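Peer 1: Predicted structure and sequence below. I'll ask about it afterward.
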Amino acid sequence: MNEDIIGFVTGALDAQEHQHIENLLRSDTDLQAQVDLIRRSLRPLESYRHCEPPSDLYSQTLSYVFDQIDAHKIGVAQPAFTSKELVTSSRRSWRPMDIFVTGIVAASLLMLLSPALFNSRFTAELRQCQNNLQNLYAGFSQYSITHEGEFPTVPNSSALATSGAYAPILLEQGYVTDEGNFFCPAATESIAWRQQGIPTKQTVADARIEDLAALQQRMGGTYGYSVGYQAGGRLRAIRNQQRPTFALVADRPSGQSISRYSLNHGGLGQNILFENGHVAFVRGTQSIGLGDRYYVSDRGIVEPGIHRNDSVIMESGIPITNGSQ
């Protein structure tokens with residue numbers, strides 16, 4: 001296998017190489033197993049993923065290594081090796097002191113590289129997620145142009161009337177051509193889960209009762225969507241007004257409390273696509289100044305917005321009926 005699997009797992013590849021391996025993973029079970037193994041092996045280092053090393057770590061490490069060498073080295077100077085002694089010495093096994101010092105250096109390098117490695121991975125995943133959202137915006141925007149300024153609406157069908165319905169609508173009508181754009185690279189779902197892809201509207205409509213919930217939860221990928229607002233006992237579609245503070249799509253939230261947030265980026269924040277097309281990574285879940293919470297309505301619950309400016313990002317699988325859960 002010539003693929004850079006470690007680079008793929010750590011997010012160190014460029015977009016073309018990353019997509020190449022993504023394509024291979026769809027059918028290569030051995031490659032899937034390798035990726036899963038590497039991810040499991042790196043999992044113990046996740047706690048260091050977003051750590052910033054101390055500014056003087058380099059000097060501290062060198063100081064510690066040399067202190068250990070000084071503490072264990074032999075005090076009496078040895079004469080220079082002859083050619084014969086040098087050859088004989090090269091054939092000997094490493095001394096305990098050699099192993100000790102090498103171990104310290106290796107551990108020090110791991111301490112230095114681990115934060116940088118996982119920060120690089122975090123940055124790469126964040127950037128790819130933002131690219132996904134920009135691609136989704138292109139689809140949403142084009143849809144609004146051809147539908148009198150309105151974004152997609154949740155279908156009336158009981159099986160399709162969930163908050164993740166936008167994904168199959170945009171895919172089946174050709175406004176988004178790559179379903180990979182609906183999956184954040186930093187989300188926790190397995191490769192096997194992702195490979196099932198976005199179900200079609202017909203697949204959901206024809207699903208057996210026992211399979212329906214799983215399909216509905218996967219319908220929107222790993223993002224959440226603002227499904228509209230309640231007015232006159234109905235769910236009203238969102239009109240594209242290019243509002244810079246109206247959240248349209250975002251990393252999928254978790255939980256049902258007023259303080260819920262996304263787990264897609266290690267719980268450190270969420271990428272949010274706003275109605276005017278810009279994407280921002282925000283640490284909190286409430287807009288600055290306006291006080292609007294991105295993941296709950298102005299009443300503090302998980303439901304479609306209660307007025308036209310109340311944007312509520314809802315994860316896939318939440319049923320929507322006449323503008324309410």
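Peer 2: Received, thanks. Numbering: from 1, shown residues only.

Peer 1: and I209, how many neighbours?
Peer 2: Using other C-beta atoms under 10 Å, I209 has 7 neighbouring residues. For every residue, glycine as well, the C-beta is placed using N, CA and C.

Peer 1: now Q196
Peer 2: 11.

Peer 1: all strands for the stretch 201-325 of the chain, in order.
Peer 2: 223-226, 229-231, 234-236, 247-251, 253-254, 261-262, 270-274, 279-282, 313-315 (DSSP state E, counting those that start in this stretch).

Peer 1: Flag the helix or strand of the protein with the lowest per-element mean pLDDT.
Peer 2: When the helices and strands of the chain are scored by mean pLDDT, DSSP states H and E, helix 83-90 comes last with a mean of 50.

Peer 1: residue ranges with poor pLDDT in this structure?
Peer 2: Residue ranges of the chain with pLDDT under 70: 1-3, 11-12, 15, 42-66, 68-119, 289, 322-325.

Peer 1: right, so the strands of the stretch 201-325 of the chain: which one is the most enclosed?
Peer 2: Neighbour counts (mean count of other C-beta atoms under 10 Å) averaged over each of the strands of the stretch 201-325 of the chain peak at strand 223-226, with a mean of 28.

Peer 1: Point out the other helices and strands that that one packs with.
Peer 2: Applying 3 or more C-beta pairs under 8 Å, 6 or more residues apart in numbering; DSSP states H and E, one finds that strand 223-226 contacts helix 96-146, strand 247-251, strand 313-315.

Peer 1: In the protein, which residue is most central in space?
Peer 2: In the chain, the residue lying closest to the centroid (C-alpha atoms, centre = their mean) is A186, at 1.7 Å.

Peer 1: Quick one: classify it as helix, strand or coil.
Peer 2: Per DSSP: H, G, I helix; E, B strand; the rest coil, the local secondary structure of A186 is coil.

Peer 1: Please give me every residue in contact with it.
Peer 2: By C-beta atoms under 8 Å, 6 or more residues apart in numbering, the contact set of A186 is F122, E125, L126, C129, N264, H265, G266.

Peer 1: just P155 next, same as before
Peer 2: Contacts of P155 were listed using C-beta under 8 Å, 6+ apart, and they are A161, A165, I169, K201.

Peer 1: Confirm it sits in a helix?
Peer 2: No - counting by three-state DSSP, P155 is not found in a helix; it is coil.

Peer 1: what separates it from L215, distance-wise?
Peer 2: 14 Å (C-beta to C-beta, to the nearest Å).

Peer 1: again with N131
Peer 2: Computed as C-beta to C-beta, the N131 to L215 distance reads 27 Å.

Peer 1: Settle it for me: which of these two has more neighbours?
Peer 2: Neighbours were counted for N131 and for L215 using other C-beta under 10 Å; L215 has more, 23 against 14.

Peer 1: how much space between the more buried one and T162?
Peer 2: 10 Å.

Peer 1: Wait, a helix at R40?
Peer 2: Yes - counting by three-state DSSP, R40 is located in a helix.

Peer 1: ok, the nearest residue to T203 once chain neighbours are set aside - contacts?
Peer 2: Distances taken as C-beta to C-beta, 6 or more residues apart in numbering place L215 nearest to T203, at 6.6 Å, with adjacent residues excluded. Each residue near L215 by C-beta under 8 Å, 6+ apart is listed here: P199, T203, V204, A207.

Peer 1: Okay then, goodbye and thanks.
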